[in-house]
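Visitor: How does the following fold in three dimensions:
(one chain, ligands or ions: 1)
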Amino acid sequence: MALYNTRALVIKSINLSESDRLVTFMTENQGKVKCVAKGARKVKNRFWGALEPMSLIHLIYFGKEHQSLFRLNHCDIIESFQTIRDDFDKLYTGVYFLDLIDSMILEGHREKKIFALLYQSLAALNQQTELEPLRRLFEIRLLSLSGYAPQLEHCVLCKSLPENGMIAFSYAHNGILCNACSNRARIDIQFSTGTRNYIKKLLDVEIKTCERLKFPKSQTDKIEKVTHRLILSHLGRELKSYPFIKNMAEFSC
Ligand SMILES: [Zn+2]
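Guide: Sure thing, here's the model as predicted:
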């Protein structure tokens, strides 16, 4: 039996029985982990209040190595990101980030950079008011950390550099196409060099200052059509939380 001691973000918490909850965490050291929280549904339980999705906690859990379900032993809240919970637009965005992590990351995939991406993105969401760059940044970086970074430097098929003017992109090949290759592969979307440069910046800008990358209105849809569509083609489905973000955006226009 091993005891694990780590910082973690709460991804999901569901009822397991009349008194217990099943909680999914993104831990700093062990990747995505599922734990049974005994008695967590009872009001006076020691875990009460610390297992809300998005909270950063100090977590202690135990179980056999290589098993898929662990037992929660102790948790303390480090940061609850209350500002996110008080604003619907931020809340839906945060829930979308958690959904993406839950759908794209397998248990046992120990990658500290994924914990760091989620933690820094929630901290930025707590602070920032311009959320569009952060949403696109999260999508493209999660794809990249999962090994699905799109090829934006040169043609994905023949490696030649893009010509001036509009750039063709293929979702199936996950990259840009030169003029010659555009004739033999399906073009899904075309965008300007400016759009390509914004997407490249999303891959290396500091997360806490990403709202300074204000997308011009004309670029916002195009950038989403690349990063969000890549998520869709990778997952093969839309996430339940995403339409809420779209509805909020239309409501505020
Ligand atoms: Zn080519």
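
Visitor: Could you use CA atoms for every contact and neighbour count after this?
Guide: Noted.

Visitor: Quick one: end-to-end distance for stretch 185-200.
Guide: 23 Å (CA to CA, to the nearest Å).

Visitor: residues making contact with it?
Guide: The contact list for stretch 185-200, computed with CA atoms under 8 Å, 6 or more residues apart in numbering, reads 140, 152, 164-171, 177, 213, 215, 219, 222-223, 226.

Visitor: Return the subset of these lying in helices.
Guide: Counting by DSSP state H, those place 140, 219, 222, 223, 226 in helices.

Visitor: ok, the fourth one - contacts?
Guide: Read it as residue 223. If you count contacts by CA under 8 Å, 6+ apart, residue 223 has them with 136, 195, 198, 199.

Visitor: Could you list the low-pLDDT ranges of this protein?
Guide: For the chain, the stretches flagged by pLDDT under 70 are 43-44, 251-253.

Visitor: and the one residue sitting closest to the centre of the chain, what helix or strand is that in?
Guide: Of all residues in the chain, the one closest to the mean position by CA atoms, centre = their mean is residue 97, 4.0 Å from it. For residue 97, the element it lies in under DSSP states H and E is helix 88-104.

Visitor: what's the spacing between residue 93 and residue 82?
Guide: Look at residue 93 and residue 82: by CA to CA, they are 14 Å apart.

Visitor: if you count what's nearby, which of those two comes out ahead?
Guide: The residue with more neighbours, out of residue 93 and residue 82, is residue 93; 22 against 12, by other CA atoms under 10 Å.

Visitor: care to break the chain down by domain?
Guide: Taking automatic domain parsing as the domain assignment, the ranges for the chain are 1-80, 83-253.

Visitor: Mean neighbour count, those domains: which tops it?
Guide: domain 1-80 (a mean of 18; mean count of other CA atoms under 10 Å).

Visitor: next one: that one to chain centre, how far?
Guide: Centroid displacement of domain 1-80 relative to its chain, using CA atoms, centre = their mean, to the nearest Å, is 20 Å.
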